[in-house]
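>>> sequence unknown, structure follows:
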Ligand SMILES: Nc1ncnc2c1ncn2[C@@H]1O[C@H](COP(=O)(O)OP(=O)(O)OP(=O)(O)O)[C@@H](O)[C@H]1O
Ligand SMILES: [Zn+2]
C-alpha cells in the first residue's frame, strides 16, 4: 500500500508515517474545554482527527486514539492571564463546575455522534489524572520550574529550542503573552496554579506548592504520556494550539524525557504534530469567546443534515482555512444527496471483492489522495467516479464504496435520501399538505390550466416550500 505522508508542524515538512510500535498507531487529540457548547469550528478539529484515525485504520494500523475532555485549567487567555474558563461559566450560570462539565460534555458527544466521528479508545477526563499530574510536575520541578506567588512556573529557558513549533521565539512573538508578576521570562507558564490566599475554588487539590489546580498544558502532557507512552505517533489539535498550548506541552515533555533536547522530534513527546486550520466566517475566526457562534444544532434547525457539514469540511484540505457560508453548506448537502441517491439505487447484493480492474483507477486515485497528507477533496471525487462506473457487478461496486466510505465516514449505507431532508424548525406545513397542494398542481397542469398551477406554486413559495420541477435528483420540493 502507498506510504502515508503527513505534514509535521514541528519540522514544517511532509514526512512518511513510520510507527513507533510496529503495526500500531497511537494518536492524542486535544479535546474540548467543556465550559460551553462546541461551535462548528471546534468540530472541524474533530472531523479532521477522525479522518486521520480512519485513514490509519484503513492502512492497517491498530489505532489507539485518545481525546481528552478539559474540565479544569484552561484560562480565558491561552497563556497565563485571565480566569479558569470552567470556573467563570459556573459562576455565570450559578451551577457547579461538575454540572457544567457534564452538560457540555454531553452536548459535545451529541455533535461527535451526529458528525459520524468514531469513538476514540478513551475519552480521558483531565480531573481523573490529578495524581499523575502531580507526579509529573514533581519529577520536573527541581530542574525546570520555579515557584512564585501565583503558582509553579515552567522556566522555558531550561529546554532547547523552546517555541520551535510556533516559531515565536522573538520578543515580538512573546509580546502577545501577558506578563504575570514574578515570571522570569514572558513565555514561562504555570504548571500548577495556586488558589489565592483567602479564596476557595470549586476545583482545587493539595500539592507540594499549596492548594490549587493544574495548568492546562500539564494535563495534555500527562494524559498523553500515561495513556500512550512517550514518544507516541501523532498529536493533533487546531492551529491555535501551535502557538502556545503545544509548544508548552513540548517543553514539559522535553523536561520529562530528561534530556531537554529537541534534536529528535520524538523528544517532544510525539513524532508528528498535526494541526487543522480554522473555520472562519467573513468576520474572522469562529470563536466561543466572541459571544454569538454557530452550533451544529442551529444547522440542523435550519434543515441541514449534520453530515452536510462533514462533507463541507472534507471538501477542503484540513490545512486550509475554510470559510463558512450557507451557500457552501447547501452545495455540500446537494453533493451528499446526489451521492446518497446513487448509493440507494445500487441493487441489493452480497458485498463482493473490491479489487476488480474496472475500479483500479479510482481506488488508486483514492489511495494516493488520502496518502498525500489526507487530501479528502480529491478522495471524494474518486468515490464519485467509482459510483458512476456502469455495467459492473453491484456487489463489487458496493465493496468499493464501502471501503472508501470507511475512510471518509459519510455513512453512505446508513442514511437515505429521506434522512437528508430535515424539516427546518420554523416550518409549520406538514408533508401531507404539501403533497396535496402538489397533486392539485399536477392536475391543473395536466389540464393545461397554467394559471392555477402557477398560483399554487406561488402559494407554496410563500409558506416556505420550493417546488423543484425537473430536479435532477428527482426531488419534487424542499423546504426553504
Ligand atoms: N474556528 C475554529 N476552526 C477550527 N478549529 C478550531 C476553531 N476554534 C477552535 N478550534 C479548535 O477546536 C478545538 C477545541 O477547542 P476548545 O474547546 O479548547 O475551544 P476554545 O479554544 O475555548 O474555543 P474558542 O477558541 O472558540 O474560544 C481545539 O483543537 C481548537 O484548536
Ligand atoms: Zn491539549
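Structure's in. What do you need? It should be emphasised that the depicted structure is a prediction, and the values quoted were computed from it without experimental measurement. Ligands and ions are numbered 1, 2, ... in the order given.
>>> Tell me the pLDDT of residue 79.
Residue 79 carries a pLDDT score of 69 in this model.
>>> wait, residue 417
Residue 417 is assigned a predicted lDDT (pLDDT) of 88.
>>> contacting residues for it?
337, 340, 341, 344, 473 (Cβ atoms under 8 Å, 6 or more residues apart in numbering). Backbone N, C-alpha and C define where each C-beta goes, glycine included.
>>> what about 7 Å?
The neighbours of residue 417, taking Cβ atoms under 7 Å, 6 or more residues apart in numbering as the test, are 337, 340, 341, 344.
>>> Over to residue 212?
Contacts of residue 212 (Cβ under 7 Å, 6+ apart): 151, 192, 193, 194, 195, 204.
>>> same thing but at 8 Å, please
By Cβ under 8 Å, 6+ apart, the residues touching residue 212 are 151, 192, 193, 194, 195, 201, 204, 205.
>>> Please tell me how far the last one sits from ligand 1.
In this case it means residue 205. Remark: distance between residue 205 and ligand 1 (Cβ to the nearest ligand atom, to the nearest Å) = 22 Å.
>>> On the strand side of things, show who that residue bridges to.
Counting by DSSP bridges, residue 205 forms beta bridges with residue 212.
>>> That one contacts residue 126, doesn't it?
No. Judged on Cβ atoms under 8 Å, residue 205 makes no contact with residue 126 at a distance of 11.7 Å.
>>> which of these two has more neighbours?
Neighbours per residue (other Cβ atoms under 10 Å) separate residue 205 from residue 126, with residue 126 holding more: 28 against 17.
>>> Nearest residue to the more buried one in space, please, no chain neighbours.
The shortest distance from residue 126 to any non-neighbouring residue, by Cβ to Cβ, 6 or more residues apart in numbering, is to residue 219 (4.4 Å).
>>> Most proximal residue of the stretch 1-150 of the chain with respect to ligand 2?
residue 30 (3.1 Å; Cβ to the ion).
>>> need the contact list for that residue.
Contacts of residue 30 (Cβ under 8 Å, 6+ apart): 45, 67, 68, 70, 220, 235, 236, 237, 238, 241, 245.
>>> Could I get the contacting residues of the residue lying closest to it once chain neighbours are set aside?
Spatial nearest neighbour of residue 30, chain neighbours left out: residue 237 (4.0 Å); criterion: Cβ to Cβ, 6+ apart. Shown in contact with residue 237 (Cβ under 8 Å, 6+ apart): 29, 30, 45, 245, 246, 275, 276.
>>> Kindly report the same for residue 121.
63, 64, 65, 66.
>>> quick revisit: run a quick neighbour tally on the residue nearest to residue 126.
31.
>>> what do you get for residue 425?
So residue 425, with other Cβ under 10 Å, has 11 neighbours.
>>> go on, residue 283?
8.
>>> and what of residue 66?
With other Cβ under 10 Å as criterion, residue 66 counts 22.
>>> And the one helix or strand it maps to, how far out from the chain middle?
According to DSSP states H and E, residue 66 maps onto strand 62-69. Distance of strand 62-69 from its chain centroid, counting by Cα atoms, centre = their mean, to the nearest Å, is 13 Å.
>>> How about stretch 111-122?
Using Cα atoms, centre = their mean, the offset of stretch 111-122 from its chain centre is 10 Å.
>>> Tell me which residues of stretch 327-334 come out buried.
Neighbour counts over stretch 327-334 (16 or more other Cβ atoms under 10 Å) mark 328, 329, 332, 333, 334 as buried.
>>> near ligand 2, from these?
Among the buried residues of stretch 327-334, no residue sits close to ligand 2 (Cβ under 5 Å from the ion).
>>> Tell me the helices and strands packed up against the helix or strand hosting residue 437.
Counting by DSSP H and E, the element that carries residue 437 is helix 431-446. Helices and strands touching helix 431-446, by 3 or more Cβ pairs under 8 Å, 6 or more residues apart in numbering; DSSP states H and E, are helix 450-462, strand 465-467.
>>> could you dump those to a markdown table with distance to ligand 1?
Formatted as a markdown table, the helices and strands packed on helix 431-446 follow (distance: least, Cβ to the nearest ligand atom, whole Å):
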| stretch | distance to ligand 1 |
| --- | --- |
| helix 450-462 | 35 |
| strand 465-467 | 31 |
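>>> Give me the phi and psi for residue 16.
When read as degrees, to the nearest 10, the backbone of residue 16 gives phi -80, psi 130.
>>> That one and residue 63, how far apart?
Per Cβ to Cβ, to the nearest Å, residue 16 is found 18 Å from residue 63.
>>> For those two, indicate the residue with more neighbours.
residue 63 (21 against 9).
>>> check contacts around the more buried one.
For residue 63, the contacting residues are 24, 25, 26, 27, 53, 56, 57, 121, by Cβ under 8 Å, 6+ apart.
>>> Just read off the phi/psi values of the residue of the stretch 101-250 of the chain found nearest ligand 1.
Taking Cβ to the nearest ligand atom, ligand 1 has its nearest neighbour within the stretch 101-250 of the chain at residue 238, 2.0 Å off. The phi and psi values for residue 238, taken as degrees, to the nearest 10, are phi -80, psi 160.
>>> which element is the closest residue to it other than its chain neighbours on?
Spatial nearest neighbour of residue 238, excluding adjacent residues (Cβ to Cβ, 6+ apart): residue 45 at 4.6 Å. Secondary structure from DSSP H and E places residue 45 in helix 40-58.
>>> Buried ones in that helix, by neighbour count?
Here helix 40-58 shows 40-58 as buried, counting by 16+ other Cβ under 10 Å.
>>> hmm, that helix touching ligand 2?
No. Using Cβ under 5 Å from the ion, we find that helix 40-58 stays clear of ligand 2, coming within 10.9 Å at best.
>>> just use 5 as the starting number from now, easier for me
Will do, 5 is the new start, and the previous item becomes helix 44-62.
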